[in-house]
Every structure is written in C-alpha cells, then in structure tokens.
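Chemist: please work out how this folds:
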Amino acid sequence: MRMTVKLASLGLLLGFLASCAISPQGRAAPLSGVASGETRWQGTVFIDGDLVLEEEARLVIAPGTEVVFLPPADGKDLFTERPNFPGSELIIRGTLIAEGTAEKPISFRFVDPEAPAGSWGGINLKESPEVRFRFVRITQANSAIHSHGSIVRLEQSLIENNLFGPRFNTTEFTIRNNLFRDNGTAIRFHLGTPLITGNMITGNDKGIFITSDPGDYRIEGNNIVGNRRYAVALGEEVADDVQMANNYWGTDDTVAIEASLFDGRKDDYLGKVIFSPFADKPISSGGAKLPAATSTNLNDS
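Modeler: Take a look at the predicted model:
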C-alpha cells in the first residue's frame, strides 16, 4: 500500500498595499511597531521587525495578499525572548481575519523565497479573542502560528517548510482540512483543546508532538503518513494514553504503525497512542480545496 502526494508550488502574488503609506519608490513602506483600530491589508505588505496588533484592534487581510517578512533592521526586533522569536514577527493581541480563496490564497513568507525554515519569527497570538485562517500558505517561519490563550481556526491551508507549524497551549484550536508538509514538527501542543481533523500530515520530521497534559482534544479523520522520525511523539509529561483512533497511517500493518510512534511502547513512563480502530485507506477531506496551484492526489495501491 502506497500513498503518493503530488504538490505544485504556489505562485507568488504581487500588488500594492492600500492601507499604509507608499514610499516615493512606489513600494509599500515596511510596517513595524503598533497597529490599532480597524485595519485592512491587501496587495503586498512588508513587515520589518515586530508588528503588534493591540487588544481591541481588528486586522482583516484580503484574498491574494502577500505578507512578506524582512530581516529586521536595527532596533526593530524588540521581542526575542520566549514566547517570542528572533526575526520579524506579527504579534496579535486583537482579532485577525485572514481568509483567502482557493484562487487567491493569502501568503505569509520570508522576503527570499529560497530561504530556509526559521528565517522569520512567526504569527504570535496572545489571548486573541478571534483568529481565522482560511486558504493561507505559511512558510519559512520559526513557528507558523504560535498561540497562547486564544481562539483560532485554521482551515484549507498549506503549512510547509517551517520549524514548527501550529504550536500552542491553552488554546481552543480548530485545525481542519489542511496540508502540513516538510516542517520540523507539523503540530505541537500542550494544555490545549484542539480539534484536529481532515488534515494531510506528511513529510515532516514529526507529525504531531504532544509535549504535556493534553486536555479536551479530538484527533481523528487525518492522514498521518510518511513523516521522517515519528508520526506522533509524546513528551515526558504525557503519562496517560492518548486517544487517536480513526486516522489513516499509510499502512494496515499494526507493527509498522507502532514503529512510527514515540510513546509508552518505547519508554514505559509514557502513555500510549491508542490508534485502533484505524482507517485502512486514505481519508477524504470531504471535498476540501487547498490554495491555488496546490493539489493532493492520494493513490492507494
């Protein structure tokens, strides 16, 4: 039984920023500092250093927008200690709505499209009351989405070539019908209440890493296949079993599935990933589409 994933690269989207000043050279002036009130981005937005969206503020990003992170200029990278990261970073304390379309996805990337994962900090959510990502592509970040104490939806999006994809704690996080590929760790969490369903998680070093104390979670209906080190890894503070039935693991061989897990089968102080019953063929995401120029073909042979 084999699964083949065919993916085309997303095209780069160009435009002009309507909601900020334009430099005399015609390029959108890079943003940093603090944003407040109601803001709309469209076209190409450049972030130089750390940009903080204040509490009570609302940022709406239009379909087709590119958010491009620059190497921070001197004095612009103000927040580098945990839970922040070195490099340019978008810090959200208010509301963020980033909803593209299949034909016009929203992109978050580093200025050099060939740069490696970790070239910019991430989208950092701090007690945000509402954050919605739909038809977005996030690439080259330390942590694509880092969240504490927030309410977040991530749907029909492409998360690739980051050190971490979603990385969160004490967050109500819906992660549905996305593609996670070529990240260090696709999804990492503790103390969260995630719904993780309908996703393709493939080609990462680790698929899902639960570091400690999983709470009211549901992880089912995903294709978790072809990850390099582990499909799922449990951290040293996960002493209880983790329920992960009704996912597809790329095989119907239970020995092979067990070998893809770092859990109590390898270290007896850990709980075990309970993966049975499991799907014996790839799971459809219910007709969900990914961003334009990206497709997944699942071949069961």
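Chemist: how is this structure divided into domains?
Modeler: Per automatic domain parsing, the domain ranges recorded for the chain read 14-174, 177-285.
Chemist: turn these into CSV, including mean neighbour count and mean pLDDT.
Modeler: Quick note: C-beta positions are derived from backbone N, CA and C, even for glycine. Formatted as CSV, the domains of the chain follow (neighbours: other Cβ atoms under 10 Å; pLDDT from 0 to 100):
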stretch, mean neighbour count, mean pLDDT
domain 14-174, 20, 90
domain 177-285, 19, 95
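Chemist: show me the contacts for Pro129.
Modeler: Pro129 is in contact with 94-95, 150-151, counting by Cβ atoms under 8 Å, 6 or more residues apart in numbering.
Chemist: in strands, which of the residues you listed appear?
Modeler: Among these, the ones falling in strands (DSSP state E) are 95, 151.
Chemist: can you lay out the contacts of Pro129 as TSV showing distance to Arg132?
Modeler: Shown next, in TSV, are those (distance: Cβ to Cβ, whole Å):
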residue	distance to Arg132
Gly94	13
Thr95	9
Ser150	11
Ile151	9
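Chemist: of the contacts of Pro129, closest to Asp280?
Modeler: The nearest member of those to Asp280, counting by Cβ to Cβ, is Ile151 at 35.0 Å.
Chemist: who does that closest one bridge with?
Modeler: Glu172 (DSSP bridges).
Chemist: in terms of helix, strand or coil, where does Gly118 fall?
Modeler: Classification of Gly118 by DSSP: H, G, I helix; E, B strand; the rest coil places it in coil.
Chemist: measure it to Asn162 for me?
Modeler: According to Cβ to Cβ, to the nearest Å, Gly118 and Asn162 sit 8 Å apart.
Chemist: who touches both of those two?
Modeler: In contact with both Gly118 and Asn162: 140-142, using Cβ under 8 Å, 6+ apart.
Chemist: ok, Gly203 touching Arg181?
Modeler: Yes. In terms of Cβ atoms under 8 Å, Gly203 counts as a neighbour of Arg181; the distance is 4.5 Å.
Chemist: quick one: which of the shared contacts of Gly118 and Asn162 sit in strands?
Modeler: Here DSSP E is the test, and those give 141-142 as lying in strands.
Chemist: stretch 187-200 spans what distance, first to last residue?
Modeler: With Cα to Cα, to the nearest Å applied, stretch 187-200 spans 12 Å between its terminal residues.
Chemist: could you pull out the helices in this structure for me?
Modeler: 254-259 (DSSP state H).
Chemist: ok, and the closest non-adjacent residue to Thr185?
Modeler: Spatial nearest neighbour of Thr185, excluding adjacent residues (Cβ to Cβ, 6 or more residues apart in numbering): Lys206 at 4.5 Å.
Chemist: what do you get for Gly64?
Modeler: The shortest distance from Gly64 to any non-neighbouring residue, by Cβ to Cβ, 6+ apart, is to Lys104 (3.7 Å).
Chemist: now the one you found, what are its backbone angles?
Modeler: Main-chain torsions, Lys104, degrees, to the nearest 10: phi -130, psi 70.
Chemist: surely it is in contact with Pro63?
Modeler: Yes. With contact defined as Cβ under 8 Å, Lys104 reaches Pro63; the gap is 3.9 Å.
Chemist: anything in contact with each of those two?
Modeler: Phe135.
Chemist: next, give phi and psi for Lys76.
Modeler: Here the main-chain torsion angles of Lys76 (degrees, to the nearest 10) amount to phi -100, psi -20.
Chemist: state the distance from it to Ser88.
Modeler: In terms of Cβ to Cβ, Lys76 sits 8 Å off from Ser88.
Chemist: all set now, cheers.
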